[in-house]
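S.K.: What shape does this take:
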Amino acid sequence: MPLDKGLIQVYTGPGKGKTTAALGLALRAAGQDMKVHIIQFMKGWPHYGELTSVEKLPNITLRQFGRPDFVNKDNPDPEDMEQAHQALDYARQILASGDDDVVILDEINVALDYNLIGLDKVLALIESKPEKVELVLTGRGAHPEIVKRADLVTEMLDIKHPFDEGVGGRRGIEY
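M.R.: Here you go, the predicted model:
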């Protein structure tokens, strides 16, 4: 059953858990027979655990845009910019189709912060959201204009993290 009114949610902040929270929302929505579309900006690694899990769920589609490498904020590769623009164009198409109940733009805040995409284009995308679609934007450093337009903003704080003690990313936990 579609939503009466879809809202705009933002998960941001320096702490861990933004993508994980969005995936939890996707899982909840899919469990209520809603269609979910996840568009990942700046992610091209084939070994994320969520990729394998999502393939098993009929109501969730996930599409990655990015190289299998980290983006240099000070000197992004032209391919990084191209991938971010492709992700934005794809998101526009998905929203315009009206086929999904929840659309998650994972790491779009970082793509914006890294100047891979422009604020005007992200704001236009938000404005194009159909009334009954829930739109979720994740990533550190959410722009104040994004925060202003959101209905819900959650900031993840980094209070303590095993990375600080030299523990690297763990399969099944961080990826």
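S.K.: Test of understanding: give the bridge partners of the residue nearest to the spatial centre of the chain.
M.R.: The centroid of the chain falls nearest to Asp106 when counting by C-alpha atoms, centre = their mean (1.0 Å). Going by DSSP bridges, Asp106 is paired in beta bridges with Gln40.
S.K.: Verify the contact between it and Lys43 for me.
M.R.: Yes - between Asp106 and Lys43 there is a contact at 7.1 Å, judged by C-beta atoms under 8 Å. In short, each C-beta sits where N, CA and C put it, glycine included.
S.K.: quick revisit: separation between the residue nearest to the centre of the chain and Pro162?
M.R.: Taking C-beta to C-beta, to the nearest Å as the measure, Asp106 falls 22 Å from Pro162.
S.K.: what's in contact with the helix or strand harbouring Ala87?
M.R.: If you go by DSSP states H and E, Ala87 is part of helix 78-97. Helix 78-97 is contacted from outside by 37, 39-42, 44, 63, 65-67, 71, 100, 103, 105, 108, 111, 114, 116-117, 121-122, 125, 128-130, 133, 135, using C-beta atoms under 8 Å, 6 or more residues apart in numbering.
S.K.: Kindly recompute the last result at 7 Å.
M.R.: Residues outside helix 78-97 that contact it (C-beta atoms under 7 Å, 6 or more residues apart in numbering): 37, 39, 41-42, 63, 65-67, 71, 100, 103, 105, 111, 116-117, 121, 125, 128-130, 133.
S.K.: Which of the helices and strands in this structure ranks last by mean pLDDT?
M.R.: Taking mean pLDDT, DSSP states H and E as the measure, helix 49-55 is the helix or strand of the chain with the lowest mean score, a mean of 85.
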